[in-house]
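1. Sequence and predicted structure, then a few things I'm wondering about:
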Amino acid sequence: MILVVDVGNTRIKAAVFEGAMLLEVFIFSQIELEKNIKNILKNFKKTTDLVVSSVGDLGKQPFLAFDKEIKVHFISNKDSFPFQNKYATPQTLGIDRMVLAAGATLRYPDQNRLVIDAGTCITYDFIDQENNYLGGAISPGLRLRYEALHHYTAKLPLLSLGIPEDLIGKSTSESIHSGVVNGLVYEIDGFINQYKARYLNFIIILTGGDTDFLAKRLKNTIFANSNFLLESLSQTFQHKTKND
């Protein structure tokens, strides 16, 4: 068994895998890290490896505290990945994006792949059918859009995520929901349409914390999997183990 941990910008997600099978998923904050890791290892005593991917500000030390109990691994851009990195600035490419690209490459061979991660930010990552990572795009996620409207204006309220009642907002709150939610849906569909016009033999994977909310509103056919990053992290580790 292996325990994979993804440290994001706003929360930590973890999962236990036995081979390719995902056994359980956990979501918690940074301050709950030690307690949760201890409980997971207590409940899954056959766990042999702890695999960490981090884009957050949490350092290695909290995980290294467990190195007497379990083997600790940190995925970095120096590891072996199953694609050719054609990014113009590879040193700036987030490890989360690299892990997602690796998962898409390993799970969907011989296809053009677009991975859309709907979290704090929306990231778009494209890997062609020859396994070249070409890049993508980054834009604000749903929460950031609501917060930006509130923090950078004088009078617009800070709203929680809501379902637009109609395309035409009949109040300030309705207008914000329509602009934020519909705007992001149109953005994602627009990106997908542009990629599909350029490439054939195409697959789109949607993941991240807002997967379920967005998937039912998109017009394009997608594979929606909110745990794709965790699954990709497990696959990336297996690839690293075989190739490093």
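-> Now that the structure is in, tell me what you want to look at.
2. Skipping its backbone neighbours, what lies nearest residue 20 in space?
-> Counting by Cβ to Cβ, 6 or more residues apart in numbering, residue 234 is the residue found nearest to residue 20 once chain neighbours are left out, at 7.6 Å. Bear in mind the C-beta positions are built from the backbone N, C-alpha and C, glycine included.
3. before we move on, what SS does the residue lying farthest from the centre of the chain have?
-> Ranked by distance from the centre of the chain (Cα atoms, centre = their mean), the top residue is residue 170, with 34.1 Å. Recorded secondary structure, residue 170: coil (DSSP: H, G, I helix; E, B strand; the rest coil).
4. how about the strands in the chain?
-> 2-7, 12-18, 21-28, 49-54, 71-74, 84-85, 112-118, 121-127, 132-140, 202-207, 223-224 (DSSP state E).
5. so which of the ones you listed gets nearest residue 163?
-> Comparing the strands of the chain against residue 163 with Cβ to Cβ, the closest turns out to be strand 112-118 (15.8 Å).
6. So what are the sheet partners of that closest one and their directions?
-> Partner strands for strand 112-118, per DSSP bridges, with pairing direction: strand 121-127 (antiparallel), strand 202-207 (parallel).
7. List the buried residues for it?
-> By neighbour count with 16 or more other Cβ atoms under 10 Å, strand 112-118 contains the buried residues 112-118.
8. what does the lowest-mean-pLDDT helix or strand in the chain rub up against?
-> None of the helices or strands of the chain scores lower by mean pLDDT, DSSP states H and E than helix 61-64, at a mean of 88. Helix 61-64 is contacted by residues 5, 33-34, 37, 50, 52, 72, 74 when judged by Cβ atoms under 8 Å, 6 or more residues apart in numbering.
9. go again using 6 Å as the cut-off
-> 33, 52, 72 (Cβ atoms under 6 Å, 6 or more residues apart in numbering).
10. Can you tell me the closest non-neighbouring residue to the first one?
-> Take residue 33 and drop its neighbours on the chain: the residue closest to it by Cβ to Cβ, 6+ apart is residue 62, 5.5 Å away.
11. burial count for the one you found?
-> By the criterion of other Cβ atoms under 10 Å, residue 62 has 15 neighbours.
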